[in-house]
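1. build me a model:
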Amino acid sequence: MSVAPLRLPFVSEQNARTISRTLEEPDWLLEQRLEAVARVAELPAEGNQLFTPYLDLRAVRWESLRPYTETGMASAALDAPLPPGASAFIRIDGDAVTARALGEDARAAGVVIDTFADVLRQRPELLRDHNASDATLPVDDAFAQVCRAVWAQGLLVHVPPGTRLAGPIVIRWSPGAAGRGLIARTLVTIGEGARVRILEEQGPTGTDAGDGTSLDAQRLWWGTTEVVLGEGATLELAGLQEFSRDTVAFVTRQATLGADARLRWALASVGAELHKSRIDNLLVGRGSSVQQVEIGFGGGSQLFDLTSYTRHIGEDTTGDLLSKGVFTDRSRGYIKGLIEIQRTARGTDSFLGEFSMLLARKSRSVTIPSLEIDQPDVRRASHSSSVAPIDEAQIFYLMSRGLDRETARKTIVMGFLEPVVARIPLPEVQERLRGLLEEKWPAAASAAA
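-> Below is the predicted model:
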């Protein structure tokens, strides 16, 4: 079964040239855009034959969406205070950077958190060193190439070698006005031996009303997180997506790990009418490792499409990947993953787990874990998956300890999701996520009843 290429009105050579000219980009960036436009026209919207039956974009009203083609920085952006406990901060609202701040430790270490436009004017080598090729995004993914073709906002987070920051770097995004869309790229470069935490929050604009489902026009957020980890570097990256229900969101994350590098993903998604995510982990350096936990909690008619690819390339690499979904009402979840162990990857240890809980009769989920192994000399290569309602034996056990049935059900679901919540680096954001999950529960309980 084949899938046709994406046919999007805003992805064209003319539009790419217009955006590049507006941003006064160098020729090498324009060439990237034009190559990506050509790829979008040729690539199928889903290239993996295992996953093609589960591509569903019917919720997107493409005709009502007009992505921004020009972005800027608000005049007061540099005067913003740091969030409590953070070492650096930037906020992007639609077509403008509205806040940016560096703490003393980040400034002293030479940390850069700035737009592509400013970096190209002040230190262009930082961007070109890591972004001059197509290696930071999957070339076989049409959704990633849309970002490369017509992004209007670029953000660079650069951490020099040996840096240790006390608090996380906080990045906050909102999609902008109804009927508009923000297409953005984020490039994260972590130098050798550095240890950093990043918190990326994706939330509604200040003008959103209710859940947004009654608005005539949707909002669009389409972004990337492109991570390059140097030898011996450690990055903990947590993400919280809480867009309003009138938003459709597409996100591509790819990380390339050097020797002995360590990466931990902790990603939670509760908002948006449609959320489509792809994560690519490239374990290139010997001894590199990735731990990944991802959750989605759907209600109403929400759709979560969560895909991960982990490619073991270097020797003695380790992967531990866990995706969980909870779905109620008429919501759906597609959880798909692939572990690839290449011939060079002797000594690999890799596990992929995908698990969904269904809290209502009309909710649906599919889990598709898969393996491709071209090297028999591995420590472990395994996967596991399940789709089921809450285990009645667990409910009975908690009720035997004095809990009523509904409290027991809620305790089991919240415990199922807690491994991601606990990895969020700011306590107040942890509590906000717990609150968002709590808000989803009344609908789940009534649907189950």
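
2. and the average pLDDT for stretch 355-372 is what?
-> Averaging pLDDT along stretch 355-372 yields 96.

3. residues of it that come out buried?
-> 355-360, 363-370 (16 or more other CB atoms under 10 Å). Every residue, glycine included, has its C-beta placed from N, CA and C.

4. take those residues and write them to TSV, including distance to Gly85.
-> Formatted as TSV, those follow (distance: CB to CB, whole Å):
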residue	distance to Gly85
Phe355	32
Ser356	33
Met357	32
Leu358	37
Leu359	34
Ala360	38
Ser363	37
Arg364	39
Ser365	35
Val366	39
Thr367	36
Ile368	38
Pro369	36
Ser370	40
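
5. out of those, who's nearest Ser385?
-> Thr367 (3.9 Å; CB to CB).

6. hang on, the earlier thing: farthest-separated two in the buried residues of stretch 355-372?
-> Across the buried residues of stretch 355-372 (CB to CB), the longest gap, 27.9 Å, separates Ala360 and Ser370.

7. ok, which stretches of the chain are helices?
-> 13-22, 27-42, 104-109, 116-122, 124-131, 142-150, 392-400, 405-421, 427-448 (DSSP state H).

8. can you dump the C-alpha coordinates of the fourth one into CSV?
-> C-alpha atoms of helix 116-122 as CSV (Å, rounded to 0.1, in the frame of the first residue of the first chain):
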residue,chain,number,x,y,z
PHE,A,116,18.8,31.9,13.2
ALA,A,117,18.6,35.4,11.8
ASP,A,118,20.6,36.9,14.7
VAL,A,119,23.1,34.1,14.7
LEU,A,120,23.7,34.5,10.9
ARG,A,121,24.5,38.2,11.5
GLN,A,122,26.7,37.8,14.6
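
9. low-confidence stretches in the stretch 201-350 of the chain?
-> 206-216 (pLDDT under 70).

10. quick one on the thing from earlier: most tightly packed of the helices of the chain?
-> When those are scored by mean count of other CB atoms under 10 Å, the highest mean neighbour count falls to helix 142-150 (a mean of 25).

11. dump the helices of the chain to a markdown table, plus distance to Ala80 and mean pLDDT.
-> Putting the helices of the chain into a markdown table (distance: least, CB to CB, whole Å; pLDDT from 0 to 100) gives the following:
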| stretch | distance to Ala80 | mean pLDDT |
| --- | --- | --- |
| helix 13-22 | 25 | 96 |
| helix 27-42 | 28 | 97 |
| helix 104-109 | 14 | 96 |
| helix 116-122 | 16 | 93 |
| helix 124-131 | 22 | 90 |
| helix 142-150 | 26 | 98 |
| helix 392-400 | 45 | 94 |
| helix 405-421 | 27 | 91 |
| helix 427-448 | 17 | 78 |
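
12. who wins for proximity to Asp95 among the ones you listed?
-> Short answer: helix 13-22, nearest of the helices of the chain by CB to CB, at 11.8 Å.

13. other SSEs contacting that closest one?
-> helix 27-42, helix 142-150 (3 or more CB pairs under 8 Å, 6 or more residues apart in numbering; DSSP states H and E).

14. pipe these into JSON lines and attach distance to Phe10 per row.
-> Converted to JSON lines, the helices and strands packed on helix 13-22 look like this (distance: least, CB to CB, whole Å):
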{"stretch": "helix 27-42", "distance to Phe10": "11"}
{"stretch": "helix 142-150", "distance to Phe10": "6"}
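
15. for the closest residue to Ala41 other than its chain neighbours, give its distance to Gly181.
-> Sequence neighbours aside, Pro5 is the residue nearest to Ala41 in space, at 6.0 Å (criterion: CB to CB, 6 or more residues apart in numbering). Separation of Pro5 from Gly181 (CB to CB, to the nearest Å) stands at 19 Å.

16. more neighbours, those two?
-> In terms of neighbours (other CB atoms under 10 Å), Gly181 is the more surrounded of Pro5 and Gly181; the figures are 26 against 13.

17. neighbours of the nearest residue to that one once chain neighbours are set aside, how many?
-> Leaving out its chain neighbours, the residue that sits closest to Gly181 by CB to CB, 6+ apart is Leu220, at 2.9 Å. Leu220 has 25 neighbours, counted by other CB under 10 Å.

18. which strand residues bridge Leu220?
-> Gly181, Val248 (DSSP bridges).

19. does it touch Ala177 like I think?
-> No. Look at Leu220 against Ala177 with CB atoms under 8 Å: they stay out of range, at 10.7 Å.

20. contact partners for Pro124?
-> Pro124 sits next to Pro26 when contact means CB atoms under 8 Å, 6 or more residues apart in numbering.

21. quick thing: my sequence starts at 31, can you match it?
-> Noted, 31 is the first residue going forward, which turns the last one into Pro154.

22. that one and Val142, how far apart?
-> From Pro154 to Val142 the distance is 12 Å (CB to CB).

23. ok, now which ones touch the residue lying closest to Leu85 once chain neighbours are set aside?
-> Nearest residue to Leu85 in three dimensions, chain neighbours excluded: Glu76, at 4.4 Å (CB to CB, 6+ apart). Listed by CB under 8 Å, 6+ apart, the contact partners of Glu76 are Val33, Thr82, Leu85.

24. the last one reaches Ala75, doesn't it?
-> Yes. Counting by CB under 8 Å, Leu85 touches Ala75, with 5.9 Å between them.

25. which neighbours do the two share?
-> With CB under 8 Å, 6+ apart, Leu85 and Ala75 have common neighbours Val33.

26. look at the two and report which has more neighbours.
-> Higher neighbour count among Leu85 and Ala75: Ala75, with 17 against 14, using other CB under 10 Å.

27. in this structure the more buried one contacts Val33, no?
-> Yes. Ala75 is in contact with Val33 according to CB under 8 Å; the separation is 4.8 Å.

28. what do those two both touch?
-> Common neighbours of Ala75 and Val33 (CB under 8 Å, 6+ apart) are Leu85.

29. check contacts around Ala182.
-> Counted by CB under 8 Å, 6+ apart, Ala182 has contacts Ile49, Leu53, Pro97, Tyr98, Thr99, Glu100, Thr101, Asp125, Leu212, Ile213, Ala214.

30. thanks a lot, catch you later.
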